[in-house]
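A.B. asks: I'd like to go over a predicted model; first the sequence, then the structure.
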Amino acid sequence: MRAIRVASAALLGVTALTLTAPVAAARDDGERNITSFGFNVSPTTIAAGGRVSLSVNGCKSDTKVSSGVFDKVTIPKGQGSATATVDWDAKPGAVYEVTFQCGNESGRTDLTIATGRPNDPTHTPVLRGVKAGIGGSAGGFDLSEIGLGAALIAGSVGAAYYWSRRRTGEHGG
C-alpha cells in the first residue's frame, strides 16, 4: 500500500514539474520566414569588405538575393550557391536584412557586420574566448517563476500525501 502512495506522489510531482516548466519562446534570430525552399548566408557575421556565401536549395526558378550591404545576386536555377562581397562602407555592428526571392516566395535572414576590416594593417584583432555556459537561455534566473514552480510542486506533493493518508484512515486502521 505504501508503494502506491509513493508512486502517486511521484506522479503528481512529475506532472506539476512538467506543467510549470517554462515554454520556449519563439525568437527572431535568423531565418524569419517559412518557405518551400531553403536558404542560408554564411558566415552570418562578417567584416566590411568580406565575402559571404549565399546558398539556396529547393527553388525551381532563379533565386534573386538582395541586401542593402551588397549588390544584387542571382543564383541560377539548378545552382545551389553564389558569393557576394560586402560593401566596404558597411557600418560595423549593424545588422542588414538579406532577402532571397524564389518565384513568388521570399525568405529573409540577417547578416551582421563585425568590427574591424579584413587585411587592414591598422586593425589589431582582439582575441577573446567564446561565451559559453548559458545553454541558450536568454537571461538569468527569474526568481518569481522559480518560486511559483516550487510552490506548485510542493502543493501537489502535499495534496498527494494528504489524500493518500486520508484514504488509509477511512478504511479503518
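C.D. replies: Arrived safely, thanks for sending. Numbering: from 1, shown residues only.

A.B. asks: what's stretch 88-95 in contact with?
C.D. replies: Stretch 88-95 is contacted from outside by 47-49, 69, 96, 110-117, using Cβ atoms under 8 Å, 6 or more residues apart in numbering. Placement of C-beta: from N, CA and C, glycine included.

A.B. asks: between these, which is closest to Ala160?
C.D. replies: Minimum distance to Ala160 across the contacts of stretch 88-95 is 48.3 Å, recorded for Asp110 (Cβ to Cβ).

A.B. asks: Name the secondary structure element that contains that closest one.
C.D. replies: According to DSSP states H and E, Asp110 maps onto strand 105-114.

A.B. asks: now swap in Pro92 and tell me
C.D. replies: Applying DSSP H and E, one finds Pro92 in no helix or strand.

A.B. asks: Ok, the one 4 residues further on next?
C.D. replies: Assignment of secondary structure by DSSP H and E places Tyr96 within strand 95-102.

A.B. asks: ditto for Phe39
C.D. replies: In the assignment (DSSP H and E), Phe39 maps to strand 38-42.

A.B. asks: So in that sheet, which strands flank that strand, and in what orientation?
C.D. replies: Applying DSSP bridges, strand 38-42 is found paired with strand 51-57 (antiparallel).

A.B. asks: Pull the contacting residues for Asp71.
C.D. replies: By Cβ under 8 Å, 6+ apart, the contact set of Asp71 is Ala84, Thr85.

A.B. asks: and which of the contacts of stretch 88-95 is nearest to Gly78?
C.D. replies: Using Cβ to Cβ, Leu111 comes nearest to Gly78 of those, at 24.9 Å.
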